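[1] prediction below, plus the sequence it came from.
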Amino acid sequence: MPDTPYLLAALAVSAGVTWMLRAVPFTLIAQLRRSRLIPYLAATMPVGVMTVLTIYTMRSVDVVSAPGYAFMAAVVVTIGLHLWRRNVLLSIFGGTAVHVILVSTILGS
Amino acid sequence: MTPPTDECAVGDAGTQHAHRQDLRLALRDSMSVGFATVPTGLAYGVLVSQSGLDWWWAPASATVIFAGSLEFIVLGMVTALAPLSQIAITSFMVNFRHVFYSLSFPLHRVHGASAKAYSTYTLTDEAYALTTAPDAQTWSRRRIVTMQALIQAYWVASATVGVVGGSFIPDSVKGLDFAITALFLVLGLEAFRTRRDVPGALVAMACAVVGHLAFGEEMLVFALPAFAAFLVARFAVIRRRITHA
């Protein structure tokens, strides 16, 4: 388990980077309006960043195992729910509910 | 001249009325986003309770990081003891979109260094979304900062309730951590709907897979900068094509 100094450092790093991104641009508004690269990056980053982070959260899943099947079923349900209803909270809660039910009952490790 | 706001003398009945009106409007605005903030905060708190971390991580991270989706991924990273460099790179890439909020957020209405510091610190997607209407450019400091403080209060309170409530969930209930995967999956689908960038998504997948094969647990340190490098290179190619056309 992580120790307290590491946790406090993790808080400081993530909060510091986030605050920098929120505050510093106010001092660079003129450059920001002139830039073409920054708007391009801001528009194109989310698809890839979310793809990378989704895969990161799956990194320890063994696809050919009972929990792996539960995981893939929950992924399919989440995507299906989202394409169907396009409600962020419904998709997350629905997919998670399917995963919890499967791994807590028939597809546990 | 700017219209009179909070800096006016207190005691004047009209000003006091305006102050109360500002607080009412801040409450109304913040509550309109609270309907999404509270369930997400509860879910975040529950995940912290299932992560094995001490309960204080929920209110501490909700207060200090105060950036919804980043908190979910940082939770996964700290439980895996990820290096701080990976946490820094991920924070930068996940929250890069905030750079643009400075173009329209009415920070010029927020006077004073400490108020400006707080207002930028809490410049979340929700605070930005609530100030995109043109009339927000004339809001008072009181209205803007109160709105931001209320959103932060909802988030911290719901995460705290979630971590306490989550501790009562029996051990036989497993697999709640799938919510983190579901969150990023859904955010990815939403981003794709806005910009149907198929090559971008495929390159990102390749970056993640290569990162995992080469760096294992520290895959993000490679995958996120590699994807950013791809975007910069693609931008350079597009620019060259335009200038040569």
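    Yes, it's here. Numbering: from 1, shown residues only, chains lettered A, B, ... in the order given.
[2] who's in contact with the residue nearest the centre of chain B?
    Geometric centre of chain B, nearest residue: residue B:67, 3.0 Å, by CA atoms, centre = their mean. Residues near residue B:67 by CB atoms under 8 Å, 6 or more residues apart in numbering or on different chains: A:14, A:18, B:91, B:94-95, B:124. Just so you know, the C-beta spots here come from the backbone N, C-alpha and C atoms, and that holds for glycine as well.
[3] which one of those is nearest residue B:228?
    residue B:94 (12.1 Å; CB to CB).
[4] per-residue confidence for that closest one?
    Residue B:94 carries a pLDDT value of 93.
[5] ok, the one 4 residues further on next?
    Predicted confidence (pLDDT) at residue B:98: the value is 92.
[6] try residue A:109
    Residue A:109 is given a pLDDT of 63.
[7] same check on residue B:161?
    The model's pLDDT for residue B:161 equals 97.
[8] list the contacts of it.
    B:41-42, B:45.
[9] among those residues, who's most crowded?
    residue B:45 (27 neighbours; other CB atoms under 10 Å in any protein chain shown).
[10] not counting its neighbours along the chain, what's nearest residue A:43?
    Excluding its sequence neighbours, the residue lying closest to residue A:43 (CB to CB, 6 or more residues apart in numbering or on different chains) is residue B:195, at 6.0 Å.
[11] how is chain B partitioned into domains?
    B:13-166, B:197-244 (automatic domain parsing).
[12] tell me, how many residues neighbour residue 71?
    Because you didn't say which chain, this covers chain A. For residue A:71, using other CB under 10 Å, the count is 22.
[13] if you could check chain B rather than the one you did, that'd help
    Residue B:71, neighbours per other CB under 10 Å, totals 24.
[14] outside of the helix or strand hosting it itself, list whatever touches it.
    According to DSSP states H and E, residue B:71 maps onto helix B:68-79. Helix B:68-79 is contacted by residues A:2, A:6-7, A:10, A:14, A:18, A:53, A:56-57, B:37, B:40, B:44, B:47-48, B:51-53, B:57, B:61-62, B:65, B:86-87, B:90-91, B:94-95, B:124-125, B:155, B:177, B:179-180, B:183-184, B:187 when judged by CB under 8 Å, 6+ apart.
[15] how about a cut-off of 7 Å?
    A:2, A:7, A:10, A:14, A:18, A:53, A:57, B:40, B:44, B:47-48, B:51-53, B:61-62, B:65, B:86-87, B:90-91, B:94-95, B:180, B:183, B:187 (CB atoms under 7 Å, 6 or more residues apart in numbering or on different chains).
[16] again, but for stretch B:230-242
    A:37, A:40-41, A:44-45, B:203.
[17] host element of the residue of chain A positioned farthest from its centre?
    What lies farthest from the middle of chain A is residue A:30; by CA atoms, centre = their mean that is 31.9 Å. Counting by DSSP H and E, the element that carries residue A:30 is helix A:29-34.
[18] so of the domains of chain B, which one's packed in deepest?
    domain B:13-166 (a mean of 19; mean count of other CB atoms under 10 Å in any protein chain shown).
[19] that one spans what distance, first to last residue?
    47 Å (CA to CA, to the nearest Å).
[20] likewise for stretch B:131-144?
    8 Å.
[21] and the residue farthest from the centre of chain A, how far is that from chain B?
    11 Å (CB to the nearest CB, to the nearest Å).
[22] check what pLDDT that residue gets.
    So residue A:30 comes in at 90 (pLDDT).
[23] now stretch A:72-81: how far from the chain's centre is it?
    15 Å (CA atoms, centre = their mean, to the nearest Å).
[24] show residues contacting it.
    A:63, A:90-91, A:94-95, A:98-99, A:102, B:178, B:182, B:185-186, B:189.
[25] filter those down to the buried ones.
    A:91, A:94-95, A:98-99, A:102, B:178, B:182, B:185-186, B:189 (16 or more other CB atoms under 10 Å in any protein chain shown).
[26] report the two of the residues you listed separated the most.
    A:102 and B:189 (21.6 Å).
[27] would you list the contacts of residue B:67 in TSV and tack on secondary structure and distance to residue B:147?
    Below are the contacts of residue B:67 laid out as TSV (DSSP: H, G, I helix; E, B strand; the rest coil; distance: CB to CB, whole Å):
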residue	secondary structure	distance to residue B:147
A:14	helix	24
A:18	helix	19
B:91	helix	24
B:94	helix	23
B:95	coil	20
B:124	coil	11
